[in-house]
Structures are given as C-alpha cells and as structure tokens.
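Enquirer: Have a look at this fold, sequence not included:
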C-alpha cells in the first residue's frame, strides 16, 4: 500500500523558516526521485522542488530558488523541504510525491496524494 505523510507545516511570520518532512512508503523509495508541490486556495497545484533518487540532483521552481532546499534520507525513506525567508505568497498546502519519470518530469505522476501540510506565512 502506497502512503505519503507530510508534516512540519505551521504559521510563521514573513522572513521565518519551516522544515517540512515527508514519509513515503509502499514503493522502493531509494529508486524514486521525489518532489514537493503546493496548492494555494483557488489555484492549481504547482511544482516546488525535486530531488533525484540518489540525492545527486535537485530542481527548483524559480520563485523558491535560494530560499528552499530539498533533501532526502533513503535509509529513513524521508524527504525534506527546508524553507527559509518565507513570504506570504508561499502560503499553501504542501504535498510530496514520487516522480516516476525522474526530476525532469513533474507532471506525469501517480494519482495518489497524501493529506498535505498547511503552511501559512503572515506579513
């Protein structure tokens, strides 16, 4: 059974930091690239960051470059998103997911999502 459990969200002031965690199970974690996505109210879910199965490559959407860092621990089957210098426009529900086609394809995903974790950044 596939599972994705996100945690670590919360309410933070602009300029603050949060570290999100994602526990992934049901697939051979170490063979999958992983991604973080977010969905703000009234908007479609968008890609945020991706990391290759071995951690050797990362990709970020332009709006978070230099502020967010994605990492993973294959032994623990965890992926993380360190978010620094948060801005009100980062407010969204954040999700993780497997990237079956690698970090270059953040659109063709398995049709399963966890509950996500809410991040709210106040100005």
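Expert: Done, it's in. Predicted model only: the values in this text are computed from it and were never measured.

Enquirer: Give the closest residue to residue 13 in space, chain neighbours not counted.
Expert: residue 122 (5.4 Å; CB to CB, 6 or more residues apart in numbering). C-beta: built from backbone N, CA, C; applies to glycine.

Enquirer: And the contacts of whatever helix or strand residue 59 lives in?
Expert: For residue 59, the element it lies in under DSSP states H and E is strand 58-60. Applying CB atoms under 8 Å, 6 or more residues apart in numbering, the external contacts of strand 58-60 come out as 48, 49, 50, 51, 52, 68, 69, 70, 103, 104, 106.

Enquirer: repeat that for 6 Å
Expert: Residues outside strand 58-60 that contact it (CB atoms under 6 Å, 6 or more residues apart in numbering) are 49, 50, 51, 70, 103.

Enquirer: Could you do stretch 20-31 as well?
Expert: Residues contacting stretch 20-31 (CB under 6 Å, 6+ apart): 1-8, 53, 74, 77-81, 94, 96.

Enquirer: cool, stretch 92-108 as well?
Expert: In contact with stretch 92-108 (CB under 6 Å, 6+ apart) are residues 4, 6, 20, 22, 32-33, 35-40, 47, 50, 52, 57, 59, 79, 109-110, 113, 116-119.

Enquirer: before we move on, which element is the spatially most central residue of the chain in?
Expert: Centroid-nearest residue in the chain: residue 36, 2.1 Å away (criterion: CA atoms, centre = their mean). Element membership for residue 36 (DSSP H and E) is strand 33-39.

Enquirer: Run the chain-centre distance for that strand.
Expert: 4 Å (CA atoms, centre = their mean, to the nearest Å).
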